[in-house]
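# Pasting the sequence and the predicted model now:
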Amino acid sequence: MKCVSTSIWDSMVTIIFESHGTTFDNEADLSSGIFDVELSPLGEKQAQELGERHKGDNFDAIFCSDLQRSYKTAEIAFMGRSMAIIKDARLRECDYGDWTRWPKVEVEADKGNRISTPYPNGQSFEQTTALIKSFLVDLLKNYNNKKVMIIGHRATQYGLENLIKGVPLKQAVMAPRHWQPGWAYSLDNNILKS
């Protein structure tokens, strides 16, 4: 009988990424960064719709950042279901530092300059991606052959695109963003080699 290895080198995790619901800052065209802004009524409705889209899905865990727009999206979407909702600060949005809650148009126009250079008193996208990598390595170790959801932010998805799909970070950051109902990722041990 052939022995089947279950080491980390054989690991695979299926990830469904969803964006958090709309916030009051989104509606005011402000870039929140790590400011802990609330979901707007539209964001709460979007969270309910997310739950409806996934009512037939079973996830081994729902991961979200510790910012309320992320974890409240998860709580509303999966209310009454027996799925663990796990907060992890490594999944936060980029810290815009002194630019926190600046007009979105100004922050967006400068993103390409913040790949390796942090926002004043904040983070760079390389720094947020390093946090995502740390999270993904732990995910691979602890959720082998499992299906999870991540409810996150733009920086979260930039990290997923870069680390799992191999999209250059600047390209991921600068790509036009179009909403869709979920993005699928297959995480394997290649994350350990990057």
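All right, it came through fine.
# what's the longest helix in this protein?
Looking across the chain with DSSP state H, the single longest helix is helix 125-142.
# Figure out the helix or strand that the spatially closest residue to residue 21 that is not a sequence neighbour lives in.
By the measure of CB to CB, 6 or more residues apart in numbering, the closest residue to residue 21 outside its immediate chain neighbours is residue 43, 3.0 Å from it. In short, each C-beta sits where N, CA and C put it, glycine included. Element membership of residue 43 [criterion: DSSP states H and E] is helix 41-53.
# swap in residue 185?
Assessed by DSSP H and E, residue 185 sits inside strand 183-188.
# Repeat that for residue 108.
Residue 108 belongs to helix 104-110 when assigned by DSSP H and E.
# Run the chain-centre distance for that helix.
Distance of helix 104-110 from the chain centroid (CA atoms, centre = their mean, to the nearest Å) equals 20 Å.
# For it, enumerate the helices and strands it packs against.
strand 30-31 (3 or more CB pairs under 8 Å, 6 or more residues apart in numbering; DSSP states H and E).
# Which neighbouring elements make contact with the strand it packs on?
Applying 3+ CB pairs under 8 Å, 6+ apart, we find strand 30-31 packed against strand 102-103, helix 104-110.
# Report the mean confidence score over the first one.
Mean pLDDT, taken over the full extent of strand 102-103, equals 98.
# could you say what helices and strands it packs with?
Contacts defined by 3+ CB pairs under 8 Å, 6+ apart place strand 102-103 against strand 30-31.
# now the strand it packs on: mean pLDDT?
Taken as a whole, strand 30-31 has a mean pLDDT of 97.
# next one: stretch 53-64
Averaged over stretch 53-64, pLDDT sits at 95.
# now swap in stretch 121-130 and tell me
Mean predicted lDDT for stretch 121-130 stands at 98.
# Residues in contact with that stretch: which ones?
33, 92-100, 111, 114-118, 155, 158-159, 162-163, 169, 173 (CB atoms under 8 Å, 6 or more residues apart in numbering).
# Could you list which of those belong to helices?
Applying DSSP H to those, the entries found in helices are 155, 158, 159, 162, 163, 169, 173.
# What's the end-to-end length of stretch 160-174?
Stretch 160-174 has an end-to-end distance of 14 Å (CA to CA, to the nearest Å).
# ok, back up a step: quick one: contacts for the residue nearest to residue 21?
Contact partners of residue 43, counting by CB under 8 Å, 6+ apart, are 20, 21, 22, 23, 26, 69, 73.
# Nice, that's everything, thank you.
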